[in-house]
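Asker: Just to be clear, the model below is a prediction. Sequence and coordinates:
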Amino acid sequence: MADRAKAAAEAPRTGSGGVRTGPGPGRTGRVVRETHETRVRVDVGLDGPGRVRAGTGIGFFDHMLHALGFHAGWELELSCDGDLDVDDHHTVEDVGLALGQALARAVGERREGIVRFGHCHAPLDEALARAVVDVSGRPFFAGELGLKRERVGALSCEMVPHFFHSFAQGAGLTLHVDVLRGANDHHRIEAAFKALALALKAALSRTGADDVPSTKGVL
């Protein structure tokens, strides 16, 4: 409880410590988000090597977060202590927001020196997903996942698009994720997370320049 009180005093909603930003070596971001419903801590490094630890209390969600971090090539440590006795809504939503905010801090406010746009198709057996990303600073999500089950494991299927929405809001991304085909909802969701990971990996790749990738000069 002392640790929680300290974190709350430092940042009632979101906080950071030891955060380095920008396109240089070691692009990292840290966010601690604490509410009456959840406490989320995220440490993310965009430049690998794909070591991921995620613990939210929702096994299938952890599996998807691991796939996201691994295939994006991130170093990711994420934990959430949420009110799962209520349901999974607050946990999934707040993880999406905090992970997005940590990503934004790792990229840096000016978002210079990155490709900016990324897209990828990812299959998983019979399922095929497509993700398109613009690191635009303008948060927006649209997608059609076509999920039919109420839940996969302990993760409510309605929370999958809500995670993408919350993540896009936190990170300032324009994000489109669509599952083009697939009979198995586990496969459809996992293909979507993997497509997102690979699209982000492309969009956040460094160009070797220090310019802002916009004709306006700002993002």
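Answerer: Good, I have the coordinates. Residues are numbered from 1 along each chain as shown.

Asker: host element of residue 122?
Answerer: According to DSSP states H and E, residue 122 maps onto strand 117-124.

Asker: That should have said residue 165, apologies.
Answerer: Judged by DSSP H and E, residue 165 forms part of helix 159-171.

Asker: now the angle between helix 159-171 and the helix or strand just after that helix, please.
Answerer: Helices and strands here follow DSSP H and E; after helix 159-171, the next one along the chain is strand 174-181. Angle, strand 174-181 to helix 159-171, by axes from the mean of the first three to the mean of the last three CA atoms, to 10 degrees: 160 degrees.

Asker: so how far is strand 174-181 from its chain's centroid?
Answerer: Relative to its chain's centre, strand 174-181 lies at 15 Å (CA atoms, centre = their mean, to the nearest Å).

Asker: and if you look at stretch 188-202?
Answerer: 10 Å.

Asker: Please apply the same query to stretch 76-87.
Answerer: From the chain centre to the centre of stretch 76-87 is a distance of 15 Å (CA atoms, centre = their mean).

Asker: Residue 114 reaches residue 134, doesn't it?
Answerer: No - with contact defined as CB atoms under 8 Å, residue 114 and residue 134 do not form a contacting pair (11.1 Å). No exception for glycine: its C-beta is placed from N, CA and C like everyone else's.

Asker: quick one, which of these two is more surrounded?
Answerer: residue 114 (24 against 20; other CB atoms under 10 Å).

Asker: Not counting residues beside it along the chain, what's closest to the more buried one?
Answerer: Leaving aside its chain neighbours, residue 114 sits nearest to residue 204 (5.5 Å; criterion: CB to CB, 6 or more residues apart in numbering).

Asker: what pLDDT does the one you found get?
Answerer: Note for residue 204: predicted pLDDT of 95.

Asker: Likewise for residue 167?
Answerer: Looking at residue 167, its pLDDT is 98.

Asker: Number of residues surrounding it?
Answerer: Other residues near residue 167 come to 25 when the count uses other CB under 10 Å.

Asker: what sits against it?
Answerer: Residue 167 makes contact with 96, 97, 99, 100, 141, 173, 175, according to CB atoms under 8 Å, 6 or more residues apart in numbering.

Asker: surely the last one meets residue 168?
Answerer: This points to residue 175. Yes - Residue 175 is within contact range of residue 168, at 4.3 Å (criterion: CB under 8 Å).
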